[in-house]
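Participant: Starting from these lines, generate the structure:
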Amino acid sequence: MKKIILKSAAAGILLLGMASCSDELNISSIDPKSSSTYDPTELLAKQYATLGLTGQVGPSGNSDISGDEGEIGFYRTTFNLQELCTDECIWAWQTDTDIPQITSMRWTSASTRCYWAYQRLSYDISLYNSFLSEQEGKMEASTLAEVRFLRALHFWYYLDLFHKAPFKTNFSMSELPVEKAGADLYAWLDNELNEIENILPAAGSYNNSSNFGRADAGAAYALHARLALNSEVYTDGQVKDYQKAIDYCNKLISNSAYALSTTEKNGFSGYQQVFMGDNDKNAQAMKEIIFPIRQDGTKTEEHSGSTYLVSSMRISGMPYAFTDNYWSCNYARKALVLKFFNDPEKDCPWATDEELKNAGLSTKTEADIIAADKQLGGATEDILAAAGDDRALFYAGVGGGTRTLTTSQITGFLNGFSIVKWQNRRSDNSAINDHKFSDTDIPLFRLAEAYLTRAEAEYRLGQTDAALNDLNVLRNRAHATPFTSIDSQILIDEWCREFYMEGRRRSDLVRFGLLTSSRYLWDFKGGVATGTGVDPKYNVYPIPDNDIAGNPNMSQNAGY
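Facilitator: Predicted coordinates for the structure are as follows:
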């Protein structure tokens, strides 16, 4: 699959010009009779490339969508709406566009970042509709089903983020999308996935080096399980498809093509290896990843994929960075650290400014910093050992400066611990491809989600013993103490420990009724340092004003 994606970056096949994101995009169709460069493989490549790239010329140039190209990629726009408003992270530079509003859940229907995500989803769906219209009867049904899966994935994001979508499954320049919302959109997704699951290659067929990154039935099962787990939220209580979620998880967990990454390699835990720069070559990491967004530091240069994840969470001076592209933007909220330490001030090793001054240590070179961290604490291996959990991938040493844990005001990157879960480093210690752009594939769906989804669905159906067993499969993989009982708090906290910074936290908090509630507070929730509850309208994002203006078929969400 990487070969397909790489060719698409320069293919230049599809162009756009957009007035309103609800309007049909000006995507030029290809006529095989008149185009000597027509290549169906490149057309298919472009469909997948929309997940990890933003245009036709690397990280910038010939952009799919006008504006700041680095900000408007599929993964970055959806990740930001799913993470930056939650208990997991804070964007350090609060003067950036719309960041204070997203950080504290005070956005409006004029939100730039809401618009970026809405616009990207609209662009990609129009691209898929164009492809399906062009290739009906020309490509195999299974190939068309791959693109139908990508379209369904994007409609799922619309449902999850906005609770509705500008809906259209045909490509027409004269027809505006109609509004499809809530239970209606849920039913369409449920039916669409049912159809394509029977057309796609069998689950696990593409879990190999030749086709890694293409969607087979396993990807559809994973999306269907996620859809079903959230059914009560998406349908306003009309549907509770928890047994369906279990059934789809069973299909994934019982499939020998998939397995959790469990074996340590060169000092890296099985969990760590899933998020490293060679996770498309490491056999056990690949077996956990059901559907990735492919990335390559030299061939898929981007600012909206895993380069974003690696660079935004590092500052110059941090050891073992394996990048020289330091953005110093995104750091852990205290609430995330509390998922691994009951009392971080006492139980978590980290270096303070006073300790560094008293020690009089040099921090000029990476070797100096590593030595200082060993003496003062705060290295990732120290934090992992203290947490007793392979997933506590933080750095709180002296690299780049000493960090704090509690602040009354957001002033910069050192206001919290650094997150080093996403790495450009390779588990086999081989050379990386590039020090500016990341090699790390993004596991959009991985097998661990099937275990946690099944555990939660079982718990909601009263099957507590089965739920506890599934939960402890992941605890055991992380070498964390198994639980002896289960409740909703344990579940929502385990979702965080296993999946933090993977672009889903908001969805989980909404499902547990905690995103806007005063029952669960975290640092800077609602714009208050100690946290406060917010209006329940913020459980969904608003439809952008300019889309409402451009498409009379769309209505605004309640409260906006």
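
Participant: residue boundaries of the helices in the stretch 201-350 of the chain?
Facilitator: Ranges of helices within the stretch 201-350 of the chain are 217-229, 231-234, 242-253, 270-273, 283-288, 306-311, 334-337, 344-347, based on DSSP state H, counting those that start in this stretch.

Participant: Give me the mean pLDDT for the first one.
Facilitator: With pLDDT averaged residue by residue, helix 217-229 scores 99.

Participant: Out of the helices of the stretch 201-350 of the chain, the one nearest Gly73 is which?
Facilitator: Closest to Gly73 of those, according to C-beta to C-beta: helix 306-311, at 7.8 Å. In short, each C-beta sits where N, CA and C put it, glycine included.

Participant: Report the buried residues of stretch 533-541.
Facilitator: The neighbour-count check on stretch 533-541 (16 or more other C-beta atoms under 10 Å) flags Gly533, Val534, Tyr538, Asn539, Val540, Tyr541 as buried.

Participant: helices or strands up against the longest helix seen in the chain?
Facilitator: In the chain, taking DSSP state H as the definition, the longest helix is helix 112-135. Other elements packing on helix 112-135 under the criterion 3 or more C-beta pairs under 8 Å, 6 or more residues apart in numbering; DSSP states H and E are helix 40-49, helix 74-83, helix 141-162, helix 545-550.

Participant: For that helix, what is the distance to the chain centroid?
Facilitator: 18 Å (C-alpha atoms, centre = their mean, to the nearest Å).

Participant: try stretch 98-112
Facilitator: 19 Å.

Participant: Using PDB, write down the CA coordinates of it.
Facilitator: Extracted C-alpha coordinates of stretch 98-112, given in PDB (Å, rounded to 0.1, in the frame of the first residue of the first chain):
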ATOM      1  CA  ASP A  98      -9.100  29.200  17.900                       C
ATOM      2  CA  ILE A  99      -6.900  27.300  20.400                       C
ATOM      3  CA  PRO A 100      -8.200  29.000  23.600                       C
ATOM      4  CA  GLN A 101     -11.800  28.200  22.600                       C
ATOM      5  CA  ILE A 102     -11.000  24.500  21.900                       C
ATOM      6  CA  THR A 103      -8.900  24.100  25.000                       C
ATOM      7  CA  SER A 104     -11.600  25.300  27.300                       C
ATOM      8  CA  MET A 105     -14.700  24.300  25.300                       C
ATOM      9  CA  ARG A 106     -15.900  27.800  24.400                       C
ATOM     10  CA  TRP A 107     -16.100  27.400  20.600                       C
ATOM     11  CA  THR A 108     -18.900  28.900  18.500                       C
ATOM     12  CA  SER A 109     -20.400  28.300  15.100                       C
ATOM     13  CA  ALA A 110     -17.700  30.500  13.700                       C
ATOM     14  CA  SER A 111     -14.900  28.300  15.000                       C
ATOM     15  CA  THR A 112     -12.100  28.000  12.500                       C
END
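
Participant: Can you check my assumption that Pro443 lies in a strand?
Facilitator: Yes. Remark: Pro443 belongs to a strand, assigned using DSSP: H, G, I helix; E, B strand; the rest coil.

Participant: Pretty sure it sits against Asp280.
Facilitator: No. Applying C-beta atoms under 8 Å, one finds Pro443 not in contact with Asp280, separated by 10.2 Å.

Participant: what residues are shared contacts of these two?
Facilitator: Contact criterion C-beta atoms under 8 Å, 6 or more residues apart in numbering; residues shared by Pro443 and Asp280: Pro292.

Participant: Neighbours of the closest residue to Gly317 other than its chain neighbours, how many?
Facilitator: Closest residue to Gly317 apart from its sequence neighbours, by C-beta to C-beta, 6 or more residues apart in numbering: Gly400 at 3.7 Å. For Gly400, the neighbour count with other C-beta atoms under 10 Å is 21.

Participant: Asn282 too?
Facilitator: So Asn282, with other C-beta under 10 Å, has 22 neighbours.

Participant: got the contact list for it?
Facilitator: Counting by C-beta under 8 Å, 6+ apart, Asn282 makes contact with Ser261, Lys265, Gln273, Met276, Ser427, Asp428.

Participant: Out of those, who's the most crowded?
Facilitator: Per-residue neighbour counts (other C-beta under 10 Å) across the contacts of Asn282 peak at Ser261, which has 27 neighbours.

Participant: Return the residues in contact with that one.
Facilitator: Gly270, Tyr271, Gln273, Val274, Asn282, Gln284, Ala285, Lys287, Glu288.

Participant: Leaving out sequence neighbours, find the closest residue to it.
Facilitator: In space, Ser261 is closest to Gly270, 4.0 Å off (C-beta to C-beta, 6+ apart).

Participant: How confident is the prediction for the one you found, by pLDDT?
Facilitator: Confidence at Gly270, expressed as pLDDT, is 98.

Participant: quick one: it and Asn279 touch, right?
Facilitator: No. The criterion here is C-beta under 8 Å, and Gly270 misses it with Asn279 at 11.5 Å.

Participant: Excluding sequence neighbours, find me the nearest residue to the residue nearest to the spatial centre of the chain.
Facilitator: Ranked by distance to the mean C-alpha position of the chain (C-alpha atoms, centre = their mean), the top residue is Gly503 at 3.0 Å. Computed as C-beta to C-beta, 6+ apart, the closest residue to Gly503 that is not its neighbour in sequence is Phe79, at 4.1 Å.

Participant: any idea how far the one you found lies from Ile442?
Facilitator: Phe79 sits 9 Å away from Ile442, going by C-beta to C-beta, to the nearest Å.

Participant: Find residues that contact each of those two.
Facilitator: With C-beta under 8 Å, 6+ apart as the test, Phe79 and Ile442 both reach Leu309.

Participant: low pLDDT regions in the protein?
Facilitator: Counting by pLDDT under 70, the ranges of the chain that qualify are 1-39.

Participant: need the strands for it, in chain order.
Facilitator: With DSSP state E as the criterion, the chain has strands at 89-91, 164-167, 178-181, 289-293, 330-332, 394-395, 418-419, 442-446.

Participant: Tell me, how many residues neighbour Leu405?
Facilitator: Neighbour count of Leu405, defined by other C-beta under 10 Å: 20.

Participant: next one: Gly267
Facilitator: Neighbourhood size, Gly267 [other C-beta under 10 Å]: 9.

Participant: who's in contact with it?
Facilitator: Contacts of Gly267 by C-beta under 8 Å, 6+ apart: none found.

Participant: tilt between the longest helix of the chain and helix 141-162?
Facilitator: 160 degrees (axes from the mean of the first three to the mean of the last three C-alpha atoms, to 10 degrees).

Participant: tell me the angle of helix 112-135 relative to helix 74-83?
Facilitator: Going by the same axes, to 10 degrees, helix 112-135 makes 140 degrees with helix 74-83.

Participant: Would you indicate which residues of helix 112-135 are buried?
Facilitator: For helix 112-135, a neighbour-count test (16+ other C-beta under 10 Å) marks 112-132, 134-135 as buried.
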